[in-house]
Structure formats: structure tokens, C-alpha cells
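> pasting the structure only:
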């Protein structure tokens, strides 16, 4: 039986309310999942920042330490999580009995996993967000949104054959497919498209980005760094993804399926065409 640890029980609301427009320009209220950076410090040394919902942050930290094989459970004295008053960020302080031998050397080389939370780059990337300016005059017609959704629906893909992958695609403003990449992690797929754009010398100001995965802060940041004003997903968004979209002025469309979509940020770029839908 493992020795009992001194652990906090830090909890915050797991969702946040937002206001959005549906495909008929009706205002609607809905809840979206929270997403928060949690900085892990091991004996006072900053180790990593994990992006998390915040449902069980202490268990998350322990699981991370276990999977990284940094130290056995018996060497951990306590895990104390503290969230800021506004709930937007937190710290997890882990105290050990005698530290970790060669911690710097064991954490110097990191392999980016195929998971969804590459949070270790969060702080540096967020510093650049304030300087991003997306084109204000870009427009996306409602009919083009439907064309993009239909193109993705009929696109031949690994997902249709085997599942367990995410897909990302780049379209022009008329809805023509330019690039489509799948990977086991959506972050890998978006990075691949960024590389293709770089090699082709393509700018993002007149482009539309589509992902099958949810719109987390990292996905919004990556899209903004590519200069793309439109980010679409058949899934939803997180609270922080929504906040970064508002900060960068990105037009965010979630729950894109059939004739339905939800505009969560910068709706002024969408050209609604009411005649497309039956009354």
C-alpha cells in the first residue's frame, strides 16, 4: 500500500458560458470546456506547463511524473496545486524527499508526443500572441462554409478506414482544398500544413483552416501564427481557445456539421446567406 501523500484538492468550474450565433444569426448561450495552464514545479524547479481542464490536477501531475519516470511515488512528499483567483492559470508544487538526481540532464531532451497538450511551449508562444494582427477585411461566405464541410465529409482519409487520427485542411476563400494532412495528433497535422505553406510561399490572409479536432488555445495560436483569419472545426472549443480567438481577432467556427455551425468569435467576417436554408 503506497504511503499517503500530502495533497491539495484544488477544483474550479470545468465549463464557462459564452454567447454565440447559429447559422441563422440567432444569439444562443452555451457552455464550453475550460482550458488552463498548470505549471509544474519540482522542488521549486519549473518542469513543464500542462494544459488541462482542471478536473483532477493533482492526479494529472502524479501521472505525468510517473510516465516520465522521474522518480518513484515513495520519494514524493506532497503535491500542492494552487489556482489564481481568476482561475486562468495555476501552479503545482511537488516536494520530494531528496530531489531527483541529474534533473536537468534527464529533462533536457524532450520528445513531443502525439497527445493534445504540448503545454511546455505555452508561455513562450503566448508572449507572441499580442503582436499578431489578422486581416480585418477577410470574408467567408456561408455557402463556402458548407462547401468546405462537404469536401471534408467526402474526402478520402485514413480516419474512414482506421479511425484514431485527426485531419487538418487548408482552403482558399472560395472553398478550394489546397492541403489535407492527417496524423495521430492534430498538432502534428497543423504543423505539417504550416510547413507546406512555408515551402510553397503561401500567405494565410485569404485562407481558411479546418481541423477535425477541438479548438484549443494551441490550435488557435498556431492558426494565428500562420496568419489565417478563419478556423473551423466539426468539434467544439475550449474556454482558452475562445479567449485567444477574441484576443487575436480570429473568426472561430465550431460544430460545423451539415447546415449547422456556431460562430464563437469575430462574426463580422461571415457573410450570411439566409436564402441557403429552408424556412
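Happy to help now that I have it. Keep in mind that what you see is a predicted model, and the values were worked out from it rather than measured.

> contacts, neighbours, all on C-alpha from now
Will do.

> Can you list the low-confidence ranges for the stretch 1-150 of the chain?
1-3, 108-127 (pLDDT under 70).

> for this protein, what spans make up the helices?
57-67, 103-108, 122-129, 142-154, 158-162, 186-200, 217-225, 239-248 (DSSP state H).

> Out of these, flag the one nearest residue 272.
Checking the helices of the chain against residue 272 by Cα to Cα gives helix 142-154 as the closest, at 5.3 Å.

> So which bits of the closest one are buried?
142-149, 152 (16 or more other Cα atoms under 10 Å).

> Next: stretch 56-63.
57-58, 60-61.

> With stretch 269-279 instead?
Across stretch 269-279, burial judged by 16+ other Cα under 10 Å covers 269-270, 272.

> same question, stretch 177-187
Of the residues in stretch 177-187, 177, 179-187 count as buried by neighbour count, 16+ other Cα under 10 Å.

> For the residue nearest to residue 84 when sequence neighbours are not counted, list the residues it contacts.
Spatial nearest neighbour of residue 84, excluding adjacent residues (Cα to Cα, 6 or more residues apart in numbering): residue 90 at 5.8 Å. If you count contacts by Cα atoms under 8 Å, 6 or more residues apart in numbering, residue 90 has them with 36-39, 81-84.

> Same question for residue 11.
Residues in contact with residue 11 (Cα under 8 Å, 6+ apart) are 54-56.

> same thing with residue 149?
Here residue 149 is in contact with 256-258 (criterion: Cα under 8 Å, 6+ apart).

> from those, which ones fall inside strands?
256-257 (DSSP state E).

> Isn't residue 267 up against residue 251?
Yes - at 6.3 Å, residue 267 counts as touching residue 251 under the criterion of Cα atoms under 8 Å.

> Can you report how many residues neighbour residue 93?
Neighbourhood size, residue 93 [other Cα atoms under 10 Å]: 21.

> quick revisit: just give me the closest of the buried residues of stretch 56-63 to residue 240.
Nearest to residue 240 among the buried residues of stretch 56-63: residue 57, at 16.9 Å, using Cα to Cα.

> Skipping adjacent residues, who's closest to the residue nearest the centre of the chain in space?
The centroid of the chain falls nearest to residue 216 when counting by Cα atoms, centre = their mean (1.9 Å). Leaving aside its sequence neighbours, residue 216 sits nearest to residue 241 (Cα to Cα, 6+ apart; 4.5 Å).

> can you tell me which residues contact that neighbour?
Per Cα under 8 Å, 6+ apart, neighbours of residue 241: 35, 215-220.

> Return the distance of residue 269 relative to residue 251.
In this view, residue 269 and residue 251 are 7 Å apart by Cα to Cα, to the nearest Å.

> Then residue 144?
In terms of Cα to Cα, residue 144 sits 14 Å off from residue 251.

> now do residue 165
For residue 165, the distance to residue 251 - Cα to Cα - is 25 Å.

> These two: who's more crowded?
More neighbours surround residue 251 than the other of residue 165 and residue 251, with 27 against 17 (other Cα under 10 Å).

> Give me the pLDDT for that one.
You'll see residue 251 listed with a pLDDT of 98.

> returning to that earlier point: for the helices of the chain, which one sits closest to residue 23?
Of the helices of the chain, nearest to residue 23 by Cα to Cα is helix 142-154, at 8.2 Å.

> re earlier: please narrow the contacts of residue 90 to those residing in strands.
Using DSSP E, the contacts of residue 90 in strands are 36-39, 81-83.

> hang on, the earlier thing: and the buried residues of helix 142-154, which two are the farthest apart?
Comparing every pair within those by Cα to Cα identifies 142 and 152 as the most remote, at 15.7 Å.

> Is it possible to get TSV of the buried residues of helix 142-154 that adds distance to residue 76?
Formatted as TSV, the buried residues of helix 142-154 follow (distance: Cα to Cα, whole Å):
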residue	distance to residue 76
142	55
143	57
144	55
145	51
146	53
147	54
148	50
149	49
152	48
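
> Out of those, the closest to residue 131 would be?
residue 145 (28.0 Å).

> could the helices of the chain go into JSON lines alongside distance to residue 13?
Shown next, in JSON lines, are the helices of the chain (distance: least, Cα to Cα, whole Å):
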{"stretch": "helix 57-67", "distance to residue 13": "13"}
{"stretch": "helix 103-108", "distance to residue 13": "32"}
{"stretch": "helix 122-129", "distance to residue 13": "22"}
{"stretch": "helix 142-154", "distance to residue 13": "32"}
{"stretch": "helix 158-162", "distance to residue 13": "33"}
{"stretch": "helix 186-200", "distance to residue 13": "26"}
{"stretch": "helix 217-225", "distance to residue 13": "18"}
{"stretch": "helix 239-248", "distance to residue 13": "11"}
